[in-house]
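Asks: here is a sequence with its predicted model. Questions after.
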Amino acid sequence: KAGVTQTPRYLIKTRGQQVTLSCSPISGHRSVSWYQQTPGQGLQFLFEYFSETQRNKGNFPGRFSGRQFSNSRSEMNVSTLELGDSALYLCASSVVEETQYFGPGTRLLVL
Amino acid sequence: AQSVTQPDIHITVSEGASLELRCNYSYGATPYLFWYVQSPGQGLQLLLKYFSGDTLVQGIKGFEAEFKRSQSSFNLRKPSVHWSDAAEYFCAVGARRGSTLGRLYFGRGTQLTVWP
């Protein structure tokens, strides 16, 4: 099976812009979770989707949003980008609540 | 509140030496337990997991981990380290049920350096 794929892999934006990141889960996986990884804060949970419904949300401002489509693909959006949003954004997929398999991540740089 | 502690930020070992990376967790019940490894610029690769049963679990690349309920620990071990094991290692816990399903709590990671 193909693994979790994330696009784009690298992204450079300027403050105030918005960005959309995409995640395609492993075939048959219906749960998709998103994490932000920074040197200062480590790995932080953003949100999790299952069957197109957000089941869980981390402690991030409303500028961070996401959605999941009927084919389980997921997108996350960050509006009004800030310098502090520069991070590696990781997507993971799983079968229901079990093991999460991670994609390679999207490296976002905000200038 | 759920939390994961990896006490060692950085560990250096010689190639061929044994390795133990520590992980302690705080959780309301026995969670799912995981170890992941991350190479620079890459995503997280699953090394091993504990759900139930035998408390000593085997993973990929010759790694193993032991779950000790009394100590709330899930330490990762490898008898002989290879230079290619140099990476960052993350311990994580996940819920078996309840409001935090689908969410993993991670430790801050342990950076492993291997001397030739």
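Replies: Looks like it came in fine.
Asks: what number of residues lie near whatever residue of chain A ends up closest to chain B?
Replies: Chain B sits closest to residue A:48 of chain A, with a gap of 3.5 Å, by CB to the nearest CB. In this view, the C-beta of every residue, glycine as well, is placed from N, C-alpha and C. Counted by other CB atoms under 10 Å in any protein chain shown, the residues lying close to residue A:48 total 28.
Asks: interface residues of chain B facing chain A?
Replies: Selection of chain B residues close to chain A by CB under 8 Å from any CB of the partner chain yields B:32, B:34, B:36, B:41-46, B:49, B:51, B:90, B:94-97, B:99-109.
Asks: got a quick PyMOL command for the buried subset of these?
Replies: To isolate the buried members of those in PyMOL, using 16 or more other CB atoms under 10 Å in any protein chain shown:
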select buried, chain B and resi 32+34+36+43+44+45+46+49+90+94+95+100+101+102+103+104+105+106+107+108+109
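Asks: next step: the residues of chain B next to chain A restricted to helices.
Replies: Among the residues of chain B next to chain A, no residue falls in helices (DSSP state H).
Asks: what parts of chain A come near chain B?
Replies: Counting by CB under 8 Å from any CB, chain A sits next to chain B at A:4, A:6, A:31, A:33, A:35, A:42-43, A:45, A:48, A:50, A:55-56, A:58, A:90, A:92, A:94, A:97-105, A:107.
Asks: which residues of the chain fall in strands?
Replies: With no chain named, the answer covers chain A. Under the criterion DSSP state E, chain A contains strands at A:5-7, A:10-13, A:19-24, A:31-38, A:42-50, A:53-57, A:64-68, A:74-78, A:87-94, A:101-102, A:106-110.
Asks: other chain: chain B
Replies: B:3-5, B:10-14, B:19-21, B:24-26, B:32-38, B:44-50, B:56-58, B:64-68, B:73-78, B:87-94, B:104-106, B:110-115.
Asks: who wins for proximity to residue A:85 among those?
Replies: The stretch from these with the least distance to residue A:85 (CB to CB) is strand B:104-106; that distance is 19.2 Å.
Asks: so which elements touch that closest one?
Replies: Helices and strands touching strand B:104-106, as assessed by 3 or more CB pairs under 8 Å, 6 or more residues apart in numbering or on different chains; DSSP states H and E, comprise strand A:31-38, strand A:42-50, strand B:3-5, strand B:87-94.
Asks: in TSV, list those along with distance to residue B:18.
Replies: Shown next, in TSV, are the helices and strands packed on strand B:104-106 (distance: least, CB to CB, whole Å):
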stretch	distance to residue B:18
strand A:31-38	29
strand A:42-50	27
strand B:3-5	22
strand B:87-94	15
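Asks: closest to residue B:68 out of the strands of chain A?
Replies: Checking the strands of chain A against residue B:68 by CB to CB gives strand A:42-50 as the closest, at 23.7 Å.
Asks: off-centre distance for that closest one?
Replies: Relative to its parent chain, strand A:42-50 has a centroid offset of 7 Å by CA atoms, centre = their mean, to the nearest Å.
Asks: what is that strand packed up against?
Replies: Counting by 3+ CB pairs under 8 Å, 6+ apart, strand A:42-50 packs on strand A:31-38, strand A:53-57, strand A:64-68, strand A:74-78, strand B:104-106.
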